[in-house]
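1. Show me the folded form of this:
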Amino acid sequence: MAWLLVASAALSPFVGLQPVPEQDSLDEWQRPSRIAVLNQADQKKVLERLAYTEPAIAFIPLPDFNAISNTNAKKRAFFNYLRPHVQRENSRLRYLRQQLLELAEKKRKNQRLNINEYAFLYSLYDEFRMDVAESDPQMLNELLKRVDILPASLVLMQAANESAWGTSRFAVEGYNFFGQWCFREGCGLVPLSRGEEKTHEVAKFDNPAQSIRSYFYNLNTFHTYDELRDIRSTLRAERKPLRGEVLAAGLGRYSERGEEYIVEISDMIRFNRRFLEE
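-> A predicted model of the protein is given here:
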């Protein structure tokens, strides 16, 4: 994603551009440009606050799920293949959210944030697609709606549904488990049933980690899923658990099937709960 230039008066102490060191565990759209004006030591501190809390997962090629004849064994294999990537994304989101809650508490008490804290905060605004010149309570609350986990049951069940348990062409050829589209020629795989007037492709990823990361990014940033994030925020406010079948109610715009799709995902989560919780 394109990173925004610093516009807030609160960030006026940032002077003297310096290069941003590479952060191998973050994708390009997660690497902040706002910290480029910090010195090297402060850049490192902010990058550490933004980084994943767990090491990258070793690449394993997609198993041939069609070759597994036992249905229960196939389900376990599919969930076990993707679950570590889901856990890693959620671990980072918990880490980011906890830090963000601490900053929100400081602002609530009218305590001054330091430069590193501002750099961290505005880097999150950028990563989660919020064009914010100057932070206020409303913007911070909206950011907290976005910086949050997605239940593994929801992620894994959508992956199973959208990829036919890892056997679809898009999963096999492009590690795309969620039917995610892209709109640049050559960015993915052309659907065989695409109409002549259509230009979209189904995104192609190099590995399952990228696919999972893109899915989390979509649900946590785009307005299409405002309803899902509202449901999640309400559950947080009521101190209720984040259950996949509850959040599925916010997926009405994920599929053209709308309510029917919501019911299907919710039912699949309930039916497969014993496999999801293993």
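2. leaving aside the residues next to it on the chain, what's closest to the most centrally placed residue in the chain?
-> By C-alpha atoms, centre = their mean, the mean C-alpha position of the chain lies nearest to F216, the distance being 2.2 Å. Distance criterion C-beta to C-beta, 6 or more residues apart in numbering; nearest residue to F216, sequence neighbours excluded, is E89 at 4.9 Å. C-beta: built from backbone N, CA, C; applies to glycine.
3. if I look at that neighbour, how far off is K109?
-> 31 Å (C-beta to C-beta, to the nearest Å).
4. which one of those two has more residues nearby?
-> Ranked by neighbour count (other C-beta atoms under 10 Å), E89 and K109 place E89 first, with 23 against 7.
5. which stretches of the stretch 1-150 of the chain form helices?
-> 40-50, 71-108, 115-127, 137-146 (DSSP state H, counting those that start in this stretch).
6. Out of those helices, which gets the lowest mean score?
-> Note on the helices of the stretch 1-150 of the chain: helix 40-50 shows the lowest mean pLDDT, a mean of 90.
7. ok and that helix relative to helix 71-108, angle-wise?
-> Here helix 40-50 points in a direction 130 degrees away from that of helix 71-108 (axes from the mean of the first three to the mean of the last three C-alpha atoms, to 10 degrees).
8. So which residues of this structure form strands?
-> Assigned by DSSP state E, the chain shows strands spanning 181-182, 188-189, 201-203.
9. follow-up on the earlier one: residues contacting the residue nearest to the centre of the chain?
-> E89, L93, L150, V155 (C-beta atoms under 8 Å, 6 or more residues apart in numbering).
10. The second one reaches P151, doesn't it?
-> Same thing as L93. No - the pair L93 / P151 is not scored as a contact, 11.6 Å apart, by C-beta atoms under 8 Å.
11. out of the two, which sits in the more crowded spot?
-> Set side by side, L93 and P151 show more neighbours around P151, with 21 against 18, by other C-beta under 10 Å.
12. Provide a list of residues in contact with that one.
-> Counted by C-beta under 8 Å, 6+ apart, P151 has contacts L242, R243, G244, L247.
13. Provide a list of residue ranges in the stretch 151-278 of the chain with pLDDT below threshold.
-> 181, 183, 186, 188-192, 194-199 (pLDDT under 70).
14. could you redo the last one with a cut-off of 80?
-> 181-200, 278 (pLDDT under 80).
15. Quick one: the helices in it, in order.
-> 152-163, 169-174, 208-221, 226-237, 244-247, 259-271, 273-276.
16. Which neighbouring elements make contact with the last one?
-> Meaning helix 273-276. helix 71-108, helix 152-163 (3 or more C-beta pairs under 8 Å, 6 or more residues apart in numbering; DSSP states H and E).
17. List the buried residues of the longest one.
-> Using 16 or more other C-beta atoms under 10 Å as the burial criterion, the residues of helix 71-108 that qualify are 74-75, 77-79, 81-90, 92-93, 95-97, 99-100, 103-104, 107.
18. Let me know the average pLDDT across stretch 59-66.
-> pLDDT averaged over stretch 59-66 gives 97.
19. And the contacts of that stretch?
-> 74, 77-78, 81, 165-167, 171-172, 175, 207-209.
20. if we go to 7 Å?
-> K74, A77, F78, Y81, W165, G166, T167, A171, V172, Y175, N207 (C-beta atoms under 7 Å, 6 or more residues apart in numbering).
21. Kindly provide the distance from the residue nearest to the first one when sequence neighbours are not counted to M130.
-> Spatial nearest neighbour of K74, chain neighbours left out: I68 (4.2 Å); criterion: C-beta to C-beta, 6+ apart. When distances are taken as C-beta to C-beta, I68 and M130 turn out to be 43 Å apart.
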